[in-house]
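Asker: Could you work out the structure for the sequence below:
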Amino acid sequence: MPLLLLLVLLAAVCLTLSLMIGSVSIPASDLWSLLWHDDGSVQYRIIHELRLPRTLSAFGVGGVLALAGVLMQALLRNPLADPYILGVSGGAAVAVLGAMLLGLPLAWQAPMALGGALASTLLLFALAHHGNWNTSRLLLTGVVLAAGWAALISFVLSLSPPMQLPGMLFWLMGDLSDALHPGLPLVILFIGL
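Answerer: Next comes the predicted model:
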């Protein structure tokens, strides 16, 4: 229980610091009043239009990713299991990068990521089911699949035009520039928990 309280306190400190620190510093003494009262200042707009939505989106998405990792570890009864080791995230990345390379609209990225992750999961189970079925075989197959996806990601990045490369790299690292509505990740996290 003390560890859980310490982690909650650490999360609150990180959320607060992410609202204060940036290209425009906002003092801690002004932060609380700027959160609740619109004084018409640039700092109020920076907090409410940029930092708060991005911070809450990052918190929600990070929580959902952590939840996915915990669920995979519990399902497979192995602490090594996670979406990266099993190749699920690699499949999603390949699908989205392929869509970007083909010039598909931005609205297609989320469905392509979901489809790529699902296809990678089905491929993982199909390859690991050959012969006897156990979690060690699933993990080892996932490692091989993840390595294959990583090679394919490198290949797609090497083929991409220089104008598309920054957008692809930002997508792979996690770009919060368009995160204006943090409600969905937070709702999914709440339901998942």
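Asker: Let me see the ranges of the helices in the protein.
Answerer: Along the chain, counting by DSSP state H, helices occupy 2-20, 28-36, 42-45, 52-76, 88-102, 109-128, 135-159, 165-173, 183-192.
Asker: same question for the third one, mean pLDDT?
Answerer: Along helix 42-45, the predicted confidence averages to a pLDDT of 88.
Asker: How about the fifth one?
Answerer: For helix 88-102, the mean pLDDT works out to 93.
Asker: Of the helices of the chain, flag the one that's most buried.
Answerer: helix 88-102 (a mean of 21; mean count of other CB atoms under 10 Å). For the C-beta atoms, the positions are set from N, CA and C on the backbone; glycine is no exception.
Asker: what's near enough to touch residue 86?
Answerer: Contacts for residue 86 were tallied using CB atoms under 8 Å, 6 or more residues apart in numbering; they are 72, 121, 124, 138, 139, 142, 145, 146.
Asker: what about the closest residue in space to residue 57 that isn't next to it in sequence, neighbour count?
Answerer: Nearest in space to residue 57, with sequence neighbours left out and distances taken as CB to CB, 6 or more residues apart in numbering, is residue 179 at 3.6 Å. Neighbour count of residue 179, defined by other CB atoms under 10 Å: 18.
Asker: pLDDT below threshold where in the chain?
Answerer: 131 (pLDDT under 70).
Asker: Which residue lies nearest the spatial centre of it?
Answerer: Centroid-nearest residue in the chain: residue 61, 5.3 Å away (criterion: CA atoms, centre = their mean).
Asker: if you skip the residues just before and after it, what's nearest to that one?
Answerer: Ranked by CB to CB, 6+ apart and with sequence neighbours excluded, the top spatial neighbour of residue 61 is residue 185, at 4.8 Å.
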